[in-house]
Structures are given as structure tokens and as C-alpha cells.
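Asks: my questions are about this predicted structure, shown below with the sequence.
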Amino acid sequence: MVDALIGMEVHVQLNTNTKLFCRCPTLSGIPNTKTCPTCLGHPGSKPVLNKRAFHYAIKFALALNCSIAQSLVFSRKTYFYPDMSKNYQITQYELPLAVNGKVVLDSGKEIRIKRLHIEEDPAGLVHEEISLVDYNRSGIPLVEVVSEPDISSAEEARDFMKKLMSILNYLDIFDASSGVIKADVNVSVKKNNFERVEIKNVTGFKEIERAIEYEIHRQNNEQVVRETRSWNADLGKTFSLRKKETEEDYGYITEPDIIVRQIPKLVIDKLSQEIPELPAQKAERWVKNFKIDSVDARIIASDPQVASLYEEVAFQCDKILSARWVRRELLRVLNTAGVKLSDTALKAYHLIPLFKLLERKEITDRTGQQLIRELAQSPFDVGLRVKNDGLSAVGDVSEIGKLVDLVLDENVQALQDYRKGEQKAFEFLVGQIMKKAKGRAKPDVVRTLLLEKA
């Protein structure tokens, strides 16, 4: 039996131009200027559903393998708090938009999706010396994804979130530059008889992981009560907010201002056809047809832009070599720089000549690594650079042989260690030769000559 049960309630801001039930823009601005009687809940105002948000939510549900409801029903969730001026939130309760989906983690473990529903975001609260409210956020369209408590560690929770984000990027229904993703995390541990504690509004994959790790440790060392807690990223700990509410506390009723309507199968079928090949499907196809490593395929496919670049490169270059270099070199360079591919001017046609040179062994891997670092900063003509800077791989036996002799003369102790059977000494000598050749010597020639001379 697992020692911890974790369920996620993930709120995703949909990338629409206007709010969920009114025509107010979703763009940020001076506080309390992007509002109207509808999103503020003034008497007599009537909500009108944003069609694009509705379609985006269906697409997301289909991508998560959910079953779509036959009817669209909204509810009022009643509560009294400054972030909701009308004292209720329009959401879905009795009949969510979709149920019974799943997300498959890298390990192959399936995390069940209990429900997916649409709701409006409350206002934003700013806590300084006094608490301030910005109603610009009030009414922003959200989709909430609720998992079953199938997650058993912080690492699995982070993988779950990464899978959701990857799918959102493929569907192009979330704007990572301006949109918000936040999660309520439910954590319980075996030691406390799986008494559930909810951590509210955690943002950022790293913070979700940190919050879960802290809460599991806390619950394994303290007596737990059913409550709602908040995560303080600066202190790295959770603290109690209030006793955990039950659904009955919210006094849900069916929203009287939005009629119950059927969801036509024709609409669902049309939206289903608009869903692109998703990352898991793409990776599976590459492994089957391109014969590339499954880990390489999964990592490359997780980003739609990187996946598109790889497919374009693989059409003209060796598919396995291309996958290895995109995943282990290009992505490493981007991660080190803290940028995404979309932040650079790098295109497939910049990488194709580089990979062809590597494929024909006309440049060494070390030179390739140097060039890919430079390409990510500012693209250039690879063939011309190699020619003008004399970066072609050196395979001349006599030239490399001179370098081997020089290194052996300078590293007598390493040579003796190798002759005693120490393989690390041999690799050290190879490295010294490559260093003197400025990375341009062909490694296979270096190794062959070193074996002969050592």
C-alpha cells in the first residue's frame, strides 16, 4: 500500500480575448478598469457564455480522454469573500462538462481524471499593509481538472502537471506568457489514516513539488486534522487557513440565468477533428517508424515547436542522430540559457547542414556542440563557418600521430598508469590529444593511434 495519496485540482486560464460571461477584455490593466455590471454581479445583469472558452474546454477534455456530458449545466457556488463581489461563483457542480479521463505518466502509471468543468475566476487579492482587490480578474474563463488521488509522490505530481502543460501547448488554448495555472493539492498520508488536507492556490511546478514534499513530511510528524492550508514559498512551509469546508457549505444551486442546453454531438465531433496529434501519440509513432530511443522521443515530443523542428530535420537527416542531438544537445543548451526554442531565431534549416556534417563525420562531436551553442544564440550558415574557420575534422594520420607523440611525452605517468590497466588513464590521454587538436581530430583515429603507440 502507498504511504501517501495526492489528488490535484488544477485551474487553467483559457486563452480567450474576453471573459467567460461578458465582453470585458481578459488583458491586464489598471486595477478595476476591465469590469462591467455582469462580471461585478450588479442587479439585472445577465451572463452570456463565451463560445470560444466552451469549445476550448471540450478540446481539453477530449485530449484527456474524457467523456463529454450531453447537457451543459452551470451552478452557483455561494460564498462570502471580497474576491467575489456578487457573493457567488458561476461554476459547474452536479453535472461537469466531462468525466472519467486519464493522464499517463512517464512511468506508464495512469492518473484518473475524475471531472473537468468550466468556471469563472474570482478577483485578484493583493495583501500588503492592507488588502486590496482587483476585479479585473473576476470572470476570467477557467477550466478545472480534478484528478483522483492516484498520485503518490511529489515527483509524480510534477510529471502530471508537465503532461497537462504539454497537452495545453499542443491545443494552443493556454498562453504561457500571460495565463495562470494554479493548483489546489490534496495530500494525505497513511500514518494519519489518510486524513485529507488541502493546500490552496499553489503556482509553479517546482512550488507544487516543494509544497507536497513539505506537507508529506509534516503529516508524518504531526497530528493531522481535516483543514485547508496555504503554501508560503518564501518560508517553504504550509500554514493553516481554515477548517476544511464540505460541498454542502457552499449551498450549490443551478444557475438560473443560464439555460440548460444540449451539447450537440456534431459540435463534439467537429472539435475532435481539430485536435492535433498529441505528444504521446507523436512519440509512439516516432519510436515505431523512426526507430529512435523512446526517452528521446518522449522528451522531444513534449514541446510542439521542438517536435515540429525535429520532424523537419529528420526528413532530410539521419533520424536517430537528429533525435539524439536535438534532445541531448539542443535542449541542454536551451535549458542552460533558460530559454525556449520560440525565444530564439533557430530554425530547422540551420540545423540540417550541421547534422549532415556530423552524419558524414566531417566535423567532430565537440565541434558540433560548439556550433549548436552558437546557433542557439544567433543563427548563421554552418557550412560557411566550418569552411572559413577551418573546423573540418582532422583525420590525417601523420598530423594526429604527432599530437599523440607529444601528449605521451608530456604525460609519462598517465601512460604508465594505462599500461598497468587503468582505463581512466587512457581516456585522459585521449582528452589531452583532443584538446591539442582543438576538438577537430577524429576520435576514432585518435584512439587507434593511441592504442598503437601506447
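Replies: Ah, there it is. Numbers count the residues shown, from 1 in each chain.
Asks: got the buried residues for the longest helix belonging to the chain?
Replies: Assignment by DSSP state H gives helix 154-171 as the longest helix of the chain. Buried residues in helix 154-171, defined by neighbour count with 16 or more other CB atoms under 10 Å: 154, 156-161, 163-171. All C-beta atoms are positioned from the backbone trio N, CA, C, and that covers glycine.
Asks: looking at these, which one is closest to Lys270?
Replies: Leu171 (14.7 Å; CB to CB).
Asks: the closest one reaches His55, doesn't it?
Replies: No. At 10.6 Å, Leu171 and His55 do not qualify as touching, with contact defined as CB atoms under 8 Å.
Asks: quick check: neighbours shared by those two?
Replies: Counting by CB atoms under 8 Å, 6 or more residues apart in numbering, Leu171 and His55 have no common neighbour.
Asks: what's the domain layout of this protein?
Replies: Domain segmentation of the chain under automatic domain parsing yields 4-272, 279-388, 397-453.
Asks: in JSON lines: those, plus mean pLDDT.
Replies: Output for the domains of the chain, formatted as JSON lines (pLDDT from 0 to 100):
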{"stretch": "domain 4-272", "mean pLDDT": "93"}
{"stretch": "domain 279-388", "mean pLDDT": "94"}
{"stretch": "domain 397-453", "mean pLDDT": "68"}
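Asks: can you tell me how far the residue lying closest to Lys163 once chain neighbours are set aside sits from Met161?
Replies: Leaving aside its sequence neighbours, Lys163 sits nearest to Val103 (CB to CB, 6 or more residues apart in numbering; 5.0 Å). According to CB to CB, to the nearest Å, Val103 and Met161 sit 10 Å apart.
Asks: swap in Glu359?
Replies: According to CB to CB, Glu359 and Met161 sit 37 Å apart.
Asks: what does Asn15 give?
Replies: In terms of CB to CB, Asn15 sits 18 Å off from Met161.
Asks: hang on, the earlier thing: run a quick neighbour tally on the residue nearest to Lys163.
Replies: The number of residues packed around Val103, counting by other CB atoms under 10 Å, is 25.
Asks: for Cys317, same thing?
Replies: Neighbours of Cys317 using other CB under 10 Å come to 22.
Asks: Gly251 too?
Replies: Residues within reach of Gly251, counting by other CB under 10 Å, total 11.
Asks: quick check: nearest residue in space to it, chain neighbours excluded?
Replies: Thr78 is the one closest to Gly251 (CB to CB, 6+ apart), at 4.3 Å.
Asks: which strand residues bridge that neighbour?
Replies: Tyr88 (DSSP bridges).
Asks: likewise for Gly7?
Replies: Asn186.
Asks: any idea how far Pro31 is from it?
Replies: For Gly7 relative to Pro31 (CB to CB), the value is 34 Å.
Asks: between these two, which one's more packed in?
Replies: Neighbour count, other CB under 10 Å: between Gly7 and Pro31, Gly7 has more, with 21 against 16.
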